[in-house]
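1. Would you be able to build a 3D model of this:
(one chain, ligands or ions: 1)
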Amino acid sequence: MKEMLNIALPKGRLGERVYDMFDAAGYACPSIRENNRRLIFENEETGVRYFWVKPSDVAIYVERGAADVGVAGKDILLEYAPDVYELLDLKTGVCRMAVAAPEGFRDDPRRTLRVATKFTNIAKSYYSALGRDIDMIRLNGSIELAPILGLSDVIVDIVETGATLRENHLEVIDTVVPISARLIANKASSKFKDGAIAALSRALADRIGAPQA
Ligand code: PRP
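-> Model prediction:
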C-alpha cells in the first residue's frame, strides 16, 4: 500500500485554488469537493490525506508533524518563523505586505510613529532596519480602522487588490515584502517520506513552471 502523505491546506478561497493545483498535479481526492463540514479527506489511490486548517495554523501543524506538508502564506512564515522547510513558491495567493496611511500623510521623524498591525515581527524588523522608533499596536483584524480613528499613524498589513485601502481613504506608502503561498514540509517527514515529498514538490513545480527551491 502507498504511504499516505498528510497535507494541511488553508481553509477558504486560497485553499480551494491550491487544492485545484494538487489535483491537476496528480494528487486528487474527489471527496474534498463534497459540500459538507468534514475536515479530513483521503484517497488511498493517490496516497493523500488532506486537512482543512485555519490558514494561520497550517505552519503549526507542519512544524509539529501533524501534517507532513502544507501550504502557508509567506506572511505567516516571516512573522512566526516556524521550523519547517520551505520547498516551493506556488505563485498563487499573491499579494504584498505594505505600510499604509491616510491619504496625504507626512511622517514627522521627530515623533514616535504609531504602527497598528497583526504582523508585529515583520513590522519590527522593517522599522528597525530603517532605524525608526515606533509604538507598536497589535490588532487582530480590520487593521484599516486604526489610522481612521486616530489609534495609529500607519498600518502594516496585507494589500491584495488595494480595494480596502481605497474605500477607507488610505494609501500605500511602501512595500515591505511581496507575499505568496508556499509549499512547506515538516523536517522529520522530509527524511522519512523524502521520495513522496520530493515527487509532490516536483509535480507542483512542473504545473507552475517554477524552479524548485
Ligand atoms: C486582508 C487584509 C486587508 C485586505 C486586503 O484582510 O488585512 O484588510 O485583506 O485586501 P484588498 O487589498 O484586496 O482589499 P482579511 O480579509 O484577511 O481580514 P482581516 O481584517 O481579518 O485581516
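2. for stretch 150-158, which positions count as buried?
-> Residues of stretch 150-158 classed as buried under the neighbour-count rule (16 or more other C-beta atoms under 10 Å) are 152-158. To be clear about C-beta, it is placed using only N, CA and C from the backbone, and glycine gets the same treatment.
3. cool, and stretch 117-136?
-> For stretch 117-136, the neighbour count (16+ other C-beta under 10 Å) marks 117-120, 122-123, 126-127, 134 as buried.
4. Among the residues you listed, name the ones in helices.
-> With helices identified by DSSP state H, the entries of the buried residues of stretch 117-136 that belong to them are 120, 122-123, 126-127.
5. Output these in a markdown table; the columns should cover distance to the ligand and pLDDT.
-> Listed next are these as a markdown table, based on distance: C-beta to the nearest ligand atom, whole Å; pLDDT from 0 to 100:
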| residue | distance to the ligand | pLDDT |
| --- | --- | --- |
| Thr120 | 14 | 98 |
| Ile122 | 13 | 98 |
| Ala123 | 13 | 98 |
| Tyr126 | 16 | 98 |
| Tyr127 | 19 | 98 |
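6. and which of those is nearest Asp83?
-> Of all these, Ile122 has the smallest distance to Asp83: 17.9 Å, by C-beta to C-beta.
7. which strands and helices sit next to the lengthiest helix in the chain?
-> Here the longest helix in the chain is taken by residue count, with DSSP H as the criterion, and it is helix 194-208. Counting contacts by 3 or more C-beta pairs under 8 Å, 6 or more residues apart in numbering; DSSP states H and E, helix 194-208 packs against strand 5-10, helix 13-24, strand 85-89, strand 181-185.
8. Output the second one as CSV - backbone C-alpha positions only.
-> Listed in CSV are the C-alpha atoms of helix 13-24, where the atom choice follows Å, rounded to 0.1, in the frame of the first residue of the first chain:
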residue,chain,number,x,y,z
ARG,A,13,-10.7,30.5,-1.2
LEU,A,14,-6.9,30.2,-1.4
GLY,A,15,-7.1,26.6,-0.2
GLU,A,16,-9.6,25.7,-2.9
ARG,A,17,-7.3,27.2,-5.5
VAL,A,18,-4.4,25.3,-4.0
TYR,A,19,-6.3,22.1,-4.0
ASP,A,20,-7.0,22.5,-7.7
MET,A,21,-3.3,22.7,-8.3
PHE,A,22,-2.7,19.5,-6.2
ASP,A,23,-5.5,17.8,-8.1
ALA,A,24,-4.0,18.8,-11.5
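9. That'll do, ta.
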